[in-house]
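Colleague: what would the 3D arrangement of this be:
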Amino acid sequence: MQTYRNIDDVFAATQRAIASKTTDKELAEYLNAFVQGRLTTGTPEAVPSYEVQRDRLVAVMKQLYADGFGYHQAVRGEIDGVPKFFEVILSMALVEHAVELVSVHYEKQEIAAGVSTVRKIPYAEFVATDEKLKEQLARHDESVTPTAATDIVAAAPPVIELGAEPHSITIRSYDADTGTLYFGGCEIVIIGQKNRRGKAAKEPTQGGAMRKLFKSVNTLRDGVLLRSITSVRADKFDARQRKLAKNHLNEINRKINEVTGVPKLIIYDEVKYYIDKSYLKSV
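Modeller: So this is what the prediction gives:
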């Protein structure tokens, strides 16, 4: 069985499986062992059982449901008593099949306006699909009933099929500071250096194109002018400039395709460029 030293290793294994769209039996075996309590921490520090951590996560989900988020939720992995956040949410998705993952990635923690720490915070977006779990979430006034590991683990490791369906794009899918797109459970590096927002002359063209697209809900939904990519006036945006702008978009699509297999996430006409609306969920 594959040994994972920490959350980063588990996360990386999941990203590889999503990107390759192949069954990762080692990850399946690892998650089954985690659920069954057959993993050791490697340190004297005790870690709560899967059942205990799962119940604490479900308690957060119940509160989100009561707050109006319903079955489609997003949770940051800073929950008291849930030190193995990624393992828990992945086990709920890939062992129990109780939730369907939309996205898993890391978020930075903002300590002041525009200033983030280097510490990354686990983040998961998912939809509750299991009827028993949905009933638990709806019964917010009742306590969560622990689920025995033996009730959710098959005799043999389950087959994990990751990345079978393309995931959705939201306004938060692109981090303009790092030039990273979070899509299909993967991190796609659009630019090789940090954006320098406010200094357009030193900002990579593709980073600027993505930043403008993900500027607001309106730009994400309605698109952005092609000429904004090359930053020229309307009367200067000739055939050559239009081709240059499209080439940049084609290169972005190529990077996304290499990681996710999605052929064309960004589409364009002669005036604007957009996110393919089939990948846009409610924005």
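Colleague: what sits closest to the residue most central in space within the chain if chain neighbours are left out?
Modeller: The chain has residue 103 as the residue nearest its centroid, 2.7 Å off, counting by CA atoms, centre = their mean. Nearest residue to residue 103, sequence neighbours excluded (CB to CB, 6 or more residues apart in numbering): residue 125, at 4.4 Å. Every C-beta, even on glycine, is put in place using the N, C-alpha and C of the backbone.
Colleague: which SS state does that neighbour fall under?
Modeller: strand (DSSP: H, G, I helix; E, B strand; the rest coil).
Colleague: that one reaches residue 71, doesn't it?
Modeller: No - applying CB atoms under 8 Å as the test, residue 125 and residue 71 come out as separate, 11.9 Å apart.
Colleague: neighbour-wise, which of the two wins?
Modeller: residue 125 (23 against 18; other CB atoms under 10 Å).
Colleague: so who does that one touch?
Modeller: Going by CB atoms under 8 Å, 6 or more residues apart in numbering, residue 125 touches 72-74, 101-104.
Colleague: closest one to residue 183 out of these, please.
Modeller: residue 103 (7.7 Å; CB to CB).
Colleague: can you tell me the element that closest one falls in?
Modeller: strand 99-112 (DSSP states H and E).
Colleague: mind listing the residues bridging to the residue nearest to residue 103?
Modeller: residue 74, residue 103 (DSSP bridges).
Colleague: pLDDT wise, what is it at?
Modeller: pLDDT recorded at residue 125 is 85.
Colleague: what do you get for the one 5 residues further on?
Modeller: Looking at residue 130, its pLDDT stands at 92.
Colleague: gap between the closest residue to it other than its chain neighbours and residue 83?
Modeller: Distance criterion CB to CB, 6+ apart; nearest residue to residue 130, sequence neighbours excluded, is residue 98 at 3.8 Å. Noted for residue 98: a distance of 20 Å to residue 83, by CB to CB, to the nearest Å.
Colleague: those two: who's more crowded?
Modeller: Looking at residue 98 and residue 83 with other CB under 10 Å, you find the greater number of neighbours at residue 98, namely 22 against 15.
Colleague: where in the stretch 1-150 of the chain is pLDDT low?
Modeller: Judged by pLDDT under 70, the stretch 1-150 of the chain has its weakly predicted residues at 1-8, 14-24, 40-46, 107-120, 140-150.
Colleague: strands of that one, start to end?
Modeller: Assigned strands in the stretch 1-150 of the chain, in chain order: 72-76, 99-112, 115-128 (criterion: DSSP state E, counting those that start in this stretch).
Colleague: same check on the stretch 151-283 of the chain?
Modeller: Ranges of strands within the stretch 151-283 of the chain are 174-175, 180-183, 186-189, 224-225, 266-268, 272-275, based on DSSP E, counting those that start in this stretch.
Colleague: show me what the second one is packed against.
Modeller: Here strand 180-183 is seen to pack against strand 99-112, strand 174-175, strand 186-189, helix 239-260 when contacts are counted using 3 or more CB pairs under 8 Å, 6 or more residues apart in numbering; DSSP states H and E.
Colleague: swap in the fourth one?
Modeller: The contact analysis (3+ CB pairs under 8 Å, 6+ apart) places strand 224-225 against helix 205-213, strand 272-275.
Colleague: likewise the fifth one?
Modeller: Strand 266-268 is packed against helix 239-260, strand 272-275, with contacts defined by 3+ CB pairs under 8 Å, 6+ apart.
Colleague: and the closest residue to residue 105 other than its chain neighbours, how many neighbours?
Modeller: Residue nearest to residue 105 in three dimensions, not counting chain neighbours: residue 182, with 4.5 Å by CB to CB, 6+ apart. When neighbours are defined as other CB under 10 Å, residue 182 has 22 of them.
Colleague: residue 182 bridge partners, please.
Modeller: Counting by DSSP bridges, the residues bridging with residue 182 are residue 187.
Colleague: need the contact list for it.
Modeller: The contact partners of residue 182, taken as CB under 8 Å, 6+ apart, are 103, 105, 172-175, 188.
Colleague: picking up where we left off before, now render the strands of the stretch 151-283 of the chain as JSON lines, adding mean pLDDT.
Modeller: Output for the strands of the stretch 151-283 of the chain, formatted as JSON lines (pLDDT from 0 to 100):
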{"stretch": "strand 174-175", "mean pLDDT": "87"}
{"stretch": "strand 180-183", "mean pLDDT": "86"}
{"stretch": "strand 186-189", "mean pLDDT": "84"}
{"stretch": "strand 224-225", "mean pLDDT": "94"}
{"stretch": "strand 266-268", "mean pLDDT": "94"}
{"stretch": "strand 272-275", "mean pLDDT": "94"}
